[in-house]
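Undergrad: how would this look folded up:
(one chain, ligands or ions: 1)
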Amino acid sequence: MQRLILPLPGNEGFAKRLAALCQGELGAVETRRFPDGESYVRLHGDPRGRAVDIVCTLARPDPSFLGLIFAADTARDLGATEVNLIAPYLAYMRQDKRFQDGESVSSLSFARLVSSTFDRLLTVDPHLHRHPSLAALYTIPTTTLHAAPRLASWIAGNVQAPLIVGPDEESEQWAGSIAARIGAPHVVLRKTRHGDRQVDIEAPDLSAWRDCTPVLVDDIASSGRTLVTAAGKLAGMRPPQCVVVHALFAEDAWSQVSACFERVVSTDAVPHPSNRIELAPLLANALLRDLRD
Ligand SMILES: O=P(O)(O)OC[C@H]1O[C@H](OP(=O)(O)OP(=O)(O)O)[C@H](O)[C@@H]1O
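TA: Residues are numbered from 1 along each chain as shown. Next up, the predicted model:
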């Protein structure tokens, strides 16, 4: 039986591309607020006897999360054989430790809530910093996909003589992988984070690559401070470009970041005007491979 693909509001475009690629049936989730602010949820599509994939990128998750849980529960109540969460961006991955007494380890609490509601989670480049994999947080099976091959193809097709630049040591994994795929050089800068919006970045001598176009690559753009500060270290080189996986761009980050680069592009993991790189093919392949019903 065809899978039923149900996007939460705002995820319809991504879900439509996904449904077309994996021959799923596209349904819908209607949501609204009751006058008292509580969430109303109604599914359009029949989950009975079928695998249901709920598509909801989890950027800014707090206002939509309860509706997501209600949608999943409703699919199960109505007879879905399994209920999976397709979250191209996975939220609450950064507070993965109690830095100060009494703090919530929200990565773990969020993972418990998702694990108690869904049968399986598919996501792209979750911000795994202190944990080796999602299995350290989630008790359901998870599939972690990587955008680096698609970022590499975009850079190879759009940038002459790129120098791949990672803004911090953690970005070595994707900067190195992208560079190796397209036969480009790469460098990694060193970042020290002092607060939500304060970072310092040190760069090595980049003069050997003056004839290259620096392409900054990162997993997340949130406050934008990492990208803005890193761009400041590329002075004297060709106009820099920037490719990110998850375009959160909080508050005024987009105007700050876009002013520092000749071009900023992102994947469609989080809907944003900078989206140029489609991830639906990556997720469709995973669905067809891992979740065959
Ligand atoms: O746009 P911004 O607000 O600068 O946030 C984005 C940056 O934050 C993350 O790293 P972070 O420095 O938080 O490392 P960590 O979470 O792994 O400690 C991420 O890898 C980006 O580099």
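Undergrad: Show me the longest helix that occurs in this protein.
TA: helix 62-77 (DSSP state H).
Undergrad: Give me the residues contacting it.
TA: 4, 6, 8-10, 29, 31, 39, 41, 43, 47, 52, 54, 56, 58, 61, 83, 85, 113, 117-118 (Cβ atoms under 8 Å, 6 or more residues apart in numbering). Bear in mind the C-beta positions are built from the backbone N, C-alpha and C, glycine included.
Undergrad: so what's W154 up against?
TA: 243, 265, 276-277.
Undergrad: P9 now?
TA: 29, 31, 64.
Undergrad: Among those, which one sits closest to S258?
TA: Comparing the contacts of P9 against S258 with Cβ to Cβ places S64 closest, at 26.2 Å.
Undergrad: and the contacts of P9 as TSV, adding pLDDT, distance to the ligand and neighbour count?
TA: Shown next, in TSV, are the contacts of P9 (pLDDT from 0 to 100; distance: Cβ to the nearest ligand atom, whole Å; neighbours: other Cβ atoms under 10 Å):
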residue	pLDDT	distance to the ligand	neighbour count
V29	98	30	26
T31	98	29	18
S64	93	21	20
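Undergrad: re the thing from before, show me what secondary structure element comes after the longest helix of the chain.
TA: strand 82-87 (DSSP states H and E).
Undergrad: now that following strand against helix 62-77, angle please.
TA: 160 degrees (axes from the mean of the first three to the mean of the last three Cα atoms, to 10 degrees).
Undergrad: what separates strand 82-87 from the chain centre, distance-wise?
TA: 15 Å (Cα atoms, centre = their mean, to the nearest Å).
Undergrad: Extract the CA atoms of it and return them as CSV.
TA: Only the C-alpha atoms of strand 82-87 are listed here, as CSV (Å, rounded to 0.1, in the frame of the first residue of the first chain):
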residue,chain,number,x,y,z
GLU,A,82,3.8,2.9,11.7
VAL,A,83,4.2,6.6,12.3
ASN,A,84,7.6,8.1,11.3
LEU,A,85,8.9,11.7,11.7
ILE,A,86,10.7,13.2,8.8
ALA,A,87,12.4,16.2,10.3
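Undergrad: Appreciated, that's everything.
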